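Trainee: Structure of the sequence below:
(chains A and B)
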Amino acid sequence: MFDLELGPLGSASVFLAFGLAVYGAVAGIVGAARRDARLQTSARLAAVAGFILATAAVVVMQAALLTNDFSVTYVAGHSRIASPTWVKVVTMWAALEGSILLWSWLLTGYTALLAVTAPLSPLRPYAISIMQAVQVFFLGVLAFIANPFKVVPLPPLDGPGPNELLQNHWMMAVHPLLMYLGFVGLTVPFAYAMAALITRRPGTEWMAQTRRWTLTGWGFLSGAIVAGGWWSYEVLGWGGYWAWDPVENVSFMPWLTATAFIHSVQVQERRRMLKPWNVLLIVTTFSLSILGTFLTRSGVVSSVHAFGNGPVGPAFLVFFLLVTLTAFGLLALRWDDVRDRADLDSIVSREGSFLGVNILFVTLTAAVLLGTLFPLIVEAFTGDKVTVGAPFFDQTTLPLWLLVLALMGIGPLLPWRRAEQQRLARNLALLTGALVVSGALAWLLGVHKVYPALTVALAGYNLMSLYLLLSGALVPRLRLANRGALHVLRSYAVESRRRVGSMIVHFAVVIVAVGVAFSSGYRVDEQIRLDFGSSAEFSGYTLTAVDRFMERTPARISAGAVIEVTRGGRPVTTLRPRLNLFGEAGRTVPTPAVYYTATHDLYLNLNSSVGPDTTFVVLRVVKSPLVTWIWVGGAILLFGTAYSLGGGRRPATARAVAGEKPEGAPA
Amino acid sequence: MRRVATLTRALLAAAALALATLAGAQDVTAAPSVQIGSRAFDISRNLRCPVCTSESVADSSAEIAQQMRSLIQEKIDEGLSDAQIYAFFQARYGDWILLDPPKRGVHLLVWLLPVLVGATAIVVVVGMTRRWLAAAAKAEPANPADLERVRAALADAAANPDQRDTGDATGEDG
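Mentor: Numbering: from 1, shown residues only, chains lettered A, B, ... in the order given. As a prediction, this is how the structure comes out:
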């Protein structure tokens, strides 16, 4: 092997990619303004080349991590020789500079994909240029402010390794990727919305061309949030999955506005209304993802005193202001083009329900944003320290979530324009019946807390709604088709992917809501002391500490307890909660042990250290009802999103019905 | 980042000191009450862990959080009510220790602002809705010839449901 300096090589790739992004952004806009096809093509080629260079930077970083090249700053600061290979790979996004490298790389990837696959349209050159302008920011930060490839003059022999919590679970390889895929995916509709404003084409064109990107981004972001919850559950040791922590909140806000967006665009597609509002929603989604990065990466949310001290904080703040002001300025400039010339026949209609969705999600976003920023604002103005925590967010958002569930049931049943009185009355009666019956049933079965009981009631109501939607679609088809119910269902599911996909997603939301309501409303926490050899009772289980154990791998030392779980004398499972120490300087992090069941989880976390002489352990024991259904619901939600995206071309059966020959069929 | 770490360390030291003074006669570090019931956890869920950035006493694995949980259990064992226990911590740390900001003074603002945003959103949407409803009411009546063409097209579509999804009352292509 010839001697290869990885640091300068990585820096060179980043600088070149930055140069290409600048060139592409300018060439694309100039080319579009002058209708110069060659310049436009050149900008698209720059997008592809930029992706290749960013990929090179990622490959160099991976090579540096895997070969323990501590002459590269990032490797010296965040990697460790003893870490297993997968930890070294994911160390790339375990700290700030590497995360920005990942974000930039995904952004160049999406831009290149867009440059290659986006259909030719007046919007395309501008949209690609705007993606490249966003790249200019990220690659600029990477090149000039947070360069992970800087050369360490005197490389250390070993590094400290990534944060302990980050090397403790394989989810580290999944959750951040999903998150960035989501954020970057939602940059595409933002770029197209800006392009639509620039070209004075605020119609439905930009939405139609970005529908897949938006849904993909939304799906990734949803997946990231659920995966993040499960990750917290598996590693943090407190038996919960969501704490309304600022870092969680800032990833949640873009999801809220994106959710409003994917619903609200349908009003524009169908009724040509809400044009400026939809632009505003996607701008807000994008700028909230930047604001979130600023808040969490600059140290601002943990302490006002660190304001602006973080190396990238000011850059993200400036970029956030730039994006917001530019977008709003552009919107104001194009106001005459985007202004609605709309009419509404009745508020009791599909468009009326989407207006409700907008109100609810905007209020939810406002509550989360205000709750997150309030301590900062108060401290900045008065110097007083105030706390806004989970109980605030629960109390402000729970009523809104229930309204979301209520709207989710009735909205899809309402037709566009105006609801027919008779059918509306019948649907409402059936929905109310389901609401009352399931609520009463829950009450009789002992669910006496308000929110869980209301959630069950609304779950029944939503299941009735889904039944009505499905039967409303299938019954006429059954009458006409003269075929079996299963066949009709299958052909409906294939023909109306978008519709069926949304039903699946809404069903998933119901499942998640029930999981959240019960796991937060009825969880039981205790801390018990258990001498080795003795037992304790907890919620119907008998826990016996039978033994202690120690494990040693090159990367960590772990010590834990072996807890036998029995129920009514019968053995249920053996759980092994442990504590881990990564490296000698690190802090200990727990690995809780979870017994998953469909009705509830039994969750054990070790709260005391275990050594050769310890005679007892202190355990945090949590019983969390229905918590598994949150993860199941999350998976169904992703499936539903993917389902509605699938089948881009008309499937073979639909073509066959239309009298065409399927591809590849014998002539 | 380093400044944050320094700050965190300083905070940690200050909080440890605060806890030591707050513990007063009873030595919390020596023999913390180990058996902690679910009521203590429910209370600790509403208290802020003093050394963490944004974790509750229930969620945090920091030593001080563990000691505070024990302290809460001791207070429960002494027969104090939930309100008395919150007041105990509030008296020592101030309102800052409550994750649930009290609904008075400057804190009132954070409770009212989301309500204000929601109310504004409703007012704006209602205002626009009324304008749009008026616009629809003013719409000129359809030309009979156009109406006839639409009816014909609808009848045609109804006769061939497989050709195109015309949407039923539940709105097929939403």
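Trainee: What distance do you get for A:Phe374 to A:Gly389?
Mentor: The gap separating A:Phe374 from A:Gly389 is 11 Å, by CB to CB, to the nearest Å. Heads up, the C-betas are built off the backbone N, CA and C, glycines and all.
Trainee: Does A:Met273 belong to a helix, a strand or coil?
Mentor: In terms of secondary structure, A:Met273 is coil; the call rests on DSSP: H, G, I helix; E, B strand; the rest coil.
Trainee: what's the neighbour count on it?
Mentor: A:Met273 is flanked by 21 other residues according to other CB atoms under 10 Å in any protein chain shown.
Trainee: hang on, the earlier thing: higher neighbour count, A:Phe374 and A:Gly389?
Mentor: For A:Phe374 against A:Gly389, the residue with the higher neighbour count under other CB under 10 Å is A:Gly389, and the figures read 25 against 21.
Trainee: Surely that one touches B:Arg48?
Mentor: Yes. Using CB atoms under 8 Å, A:Gly389 and B:Arg48 qualify as a contacting pair, with a distance of 6.2 Å.
Trainee: so what's in contact with those two at the same time?
Mentor: Common contacts of A:Gly389 and B:Arg48 (CB atoms under 8 Å, 6 or more residues apart in numbering or on different chains): B:54, B:56, B:98-99.
Trainee: Nearest to chain A among the residues you listed?
Mentor: Set against chain A, the nearest of the shared contacts of A:Gly389 and B:Arg48 by CB to the nearest CB is B:Leu99 (2.7 Å).
Trainee: For the closest residue to that closest one other than its chain neighbours, grab phi and psi.
Mentor: The spatially closest residue to B:Leu99, leaving aside those adjacent along the chain, is A:Gly389, at 2.7 Å (CB to CB, 6 or more residues apart in numbering or on different chains). Its backbone dihedrals place A:Gly389 at phi -120, psi -170, with angles given as degrees, to the nearest 10.
Trainee: buried stuff in the strand or helix carrying A:Leu466?
Mentor: Assignment of secondary structure by DSSP states H and E places A:Leu466 within helix A:450-481. Judged by neighbour count using 16 or more other CB atoms under 10 Å in any protein chain shown, the buried positions of helix A:450-481 are A:451-462, A:464-466, A:468-470, A:472-474, A:477-478, A:481.
Trainee: do stretch A:434-442 as well
Mentor: Within stretch A:434-442, the residues that qualify as buried by neighbour count (16+ other CB under 10 Å) are A:434-435, A:438-439, A:442.
Trainee: which one of those sits closest to chain B?
Mentor: Lowest distance from chain B to the buried residues of stretch A:434-442 (CB to the nearest CB) belongs to A:Ala434, with 16.4 Å.
Trainee: how about the closest one, what does it touch?
Mentor: The contact partners of A:Ala434, taken as CB under 8 Å, 6+ apart, are A:460-461, A:463-464.
Trainee: and it, which of the three is it?
Mentor: Following three-state DSSP, A:Ala434 is assigned to helix.
Trainee: if we can go back for a sec, just put the buried residues of stretch A:434-442 in TSV and tack on pLDDT.
Mentor: Listed next are those as TSV, based on pLDDT from 0 to 100:
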residue	pLDDT
A:Ala434	97
A:Leu435	97
A:Ser438	97
A:Gly439	96
A:Ala442	95
